[in-house]
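[1] Task: produce atomic coordinates for the following.
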Amino acid sequence: MSFTRSLGSFTQELSAAVNRTVDLNVQPNQPRDYGQDKRIIEDAISRASKDTGGDQHLYPLLLKISIFVSVAERLAKLHPYARIAYAILATGYEVIRQKIACEVGVIRLMRTMQDTYDLVMTVDALPHLHKQKNVLEAIVQQTIECAFFIRDYVDTRGSFAQVIKNSVLNVEAQIKAFENAFIDLQHSFQSYMAVSTQLTVLKILEDVQDLGAKADFRDMSYAVDVRCAASCAVHLPTDCAAPPADLITSLQSWVIGDSRESERICVLFGPEESCSTIALLVGERFQFASRLGSSYCFRGTRHNDTRSYTNLFSTIARDLADRNAQFKQNLWRAVGNETSLRKTRVARTQFEEFILAPSRDVVWNGPFLVIIDGLELGGNEVARKEVLSVLVDEGAKLPRNLRFLITCRLEDDICKAFRGQSHILRRQLGEASSLAMSRAENLEDYVSA
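    Sure thing, here's the model as predicted:
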C-alpha cells in the first residue's frame, strides 16, 4: 500500500475529532466527550511515531507532518500553504528515500525535524495550539525551506558538488544551521515566546555580499506598485467568487512538483476577475513560503502609470536580484559597466540579458514563482508581439526552479503564439471558474492522509 494512503479511513475519524476539538475551544461551555476525541488524536500521533513503513527516516517524518497539517489547520487556523510542506517531500519520496541512506547530515536534519513535530503534537499541547500560531507558521516555513533543500540536494548531487568546489558553500554547515533553526523554534514553542529568528535559508557564496553592495540597478527600468498582492486588490470587486480549491492546488503542484518537468511557463486563460483572484491567492501563498520571486499586474488603473512591456522583464529581474544573491551578482557583472544595456527597453534583450544570462549557474533552492497577471493589457497586438516571441523562443531556457505563471484573456494572437509549445502549460478557465486541464495534477491525494 502506498505511504500516502497509510492512514486510510482513519483520516476521516481523525478529522472529525479535530473538528470537535475546535468546537470545544470555540464553545468551551458546551458538553463534549473530549476524552474520546483526545484518544483518537493521540492514537494518530502514536501511529505516526511507531509506523516506519520500512523507512526509518523519511516515512515517519511525512506521517507526522501530515497529521500536524490536518490538526493545526483547524486548531490554529494555519495558513493553507502548510500543506505544501508535506507535498514537497511526498512527491519526491522514492528518490529521496533511496538516496539519503548514506547522507548522515540529511538524516540528522530529518531527525531534528521529527523532534520538532513530536514536541508540538503532544496531546496536551493541542488545545493550546491556537495561542502559538506564529511559532507554528515559522515551523512550517522552515520545514518548506528544508524540504526543498533535501529534495534538490539528493536529486542534484552533481550540481551541488560543483557548487561546493567552486565556492565556499559548506553543506554540513548549512545542515547544521537548519538544525539550529528548528531547535530555536522548539525553545520558542516551549516557552510561549514570539519567534525572534528569521527564516534560515540556503547560503551560497559569501563573497557575493561585497559585490552585491556595489550593485546599483536604479537606471534599469522598474514599474512601481505592480505587485499582485497590492495591485489586484485595488480593482477586484469585494464579492468576487473564490476559485475552487483544487484549481489553486493544481497550480501549486505545477510550481513545486518534479523540478525536472519541461514546462517552465503556465498560461492561464480566462475572465479578468477570475484570473486576478487566482494570481492574488497563489501569490499570497508563495509569498508566505518566501517563494514569490516577482509579480507584475497589468490590470486596474494607476496614478502615474508606468506599466509597459518595455519594463516588464527589467522589473522582474530587479525583483529576482533581491531574492537570490548569486543572481544579483551575475546580473551586476553583466550590466555593471554597460549603461546602454541597463537602460534598454527591448523586451527580448531584457529577457535574455537580465533573466536568462544571470540564471545560468545560479543554485535555486526550491522553486521561485514569477506571476504576470493580465498579459494582454500591456499594449496592443503589435506591442506584445516581441514579448510573446521571446517567451516562445527562449522560455524553455529558464532554470528548472524558476516558473512563470501568466494570466490573460483568450486573445487570438496569444493563443496562437503559445499553442503547441512543449515548455508552456496551457490552462483555460470557464465562466464558472472551472479549470479545463489537459494533464490533471492534484495534490489532494498527497495531503488527505
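
[2] Tell me the buried residues in the longest helix along the chain?
    Here the longest helix in the chain is taken by residue count, with DSSP state H as the criterion, and it is helix 133-155. Buried positions in helix 133-155, judged by neighbour count with 16 or more other C-beta atoms under 10 Å: 135-155. For the C-beta atoms, the positions are set from N, CA and C on the backbone; glycine is no exception.

[3] where are the low-confidence patches of the stretch 301-449 of the chain?
    Within the stretch 301-449 of the chain, the stretches with pLDDT under 70 are 430-449.

[4] again, only this time at 90
    Low-confidence regions of the stretch 301-449 of the chain, defined here as pLDDT under 90, cover residues 301-306, 325-326, 336-337, 360-366, 400-401, 428-449.

[5] That one: strands as residue ranges?
    Defined through DSSP state E, counting those that start in this stretch, the strands belonging to the stretch 301-449 of the chain, from first to last, are 368-373, 402-408, 424-429, 435-436.

[6] Looking at residue 183 now. What's its pLDDT?
    With respect to pLDDT, residue 183 scores 94.

[7] if I look at it, how far off is residue 142?
    Residue 183 sits 11 Å away from residue 142, going by C-beta to C-beta, to the nearest Å.

[8] For the residue nearest to residue 371 when sequence neighbours are not counted, identify the helix or strand it belongs to.
    The shortest distance from residue 371 to any residue that is not its chain neighbour, by C-beta to C-beta, 6 or more residues apart in numbering, is 4.0 Å, and that residue is residue 295. Taking DSSP states H and E as the criterion, residue 295 maps to strand 292-297.

[9] Alpha carbons only: can I get that strand in PDB?
    Provided in PDB are the C-alpha atoms of strand 292-297 (Å, rounded to 0.1, in the frame of the first residue of the first chain):
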ATOM      1  CA  LEU A 292       7.400  34.600  -4.800                       C
ATOM      2  CA  GLY A 293      10.200  35.800  -7.000                       C
ATOM      3  CA  SER A 294       8.300  38.700  -8.600                       C
ATOM      4  CA  SER A 295       4.800  39.600  -9.600                       C
ATOM      5  CA  TYR A 296       3.600  42.100 -12.200                       C
ATOM      6  CA  CYS A 297      -0.100  43.000 -12.600                       C
END
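
[10] now for it, which elements pack on it?
    The contact analysis (3 or more C-beta pairs under 8 Å, 6 or more residues apart in numbering; DSSP states H and E) places strand 292-297 against helix 228-235, helix 272-288, helix 312-323, strand 368-373.

[11] Pick the most deeply packed of the ones you listed.
    Ranked by mean neighbour count under mean count of other C-beta atoms under 10 Å, the helices and strands packed on strand 292-297 are led by strand 368-373, which reaches a mean of 25.

[12] Which residues are in contact with residue 150?
    Contacts here follow C-beta atoms under 8 Å, 6 or more residues apart in numbering; on that basis residue 150 touches 89, 96, 100, 106, 109, 110.

[13] want to throw the residues you listed into CSV with secondary structure, neighbour count and distance to residue 255?
    Listed next are the contacts of residue 150 as CSV, based on DSSP: H, G, I helix; E, B strand; the rest coil; neighbours: other C-beta atoms under 10 Å; distance: C-beta to C-beta, whole Å:
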residue, secondary structure, neighbour count, distance to residue 255
89, helix, 25, 15
96, helix, 25, 19
100, coil, 20, 24
106, helix, 23, 23
109, helix, 24, 24
110, helix, 24, 23
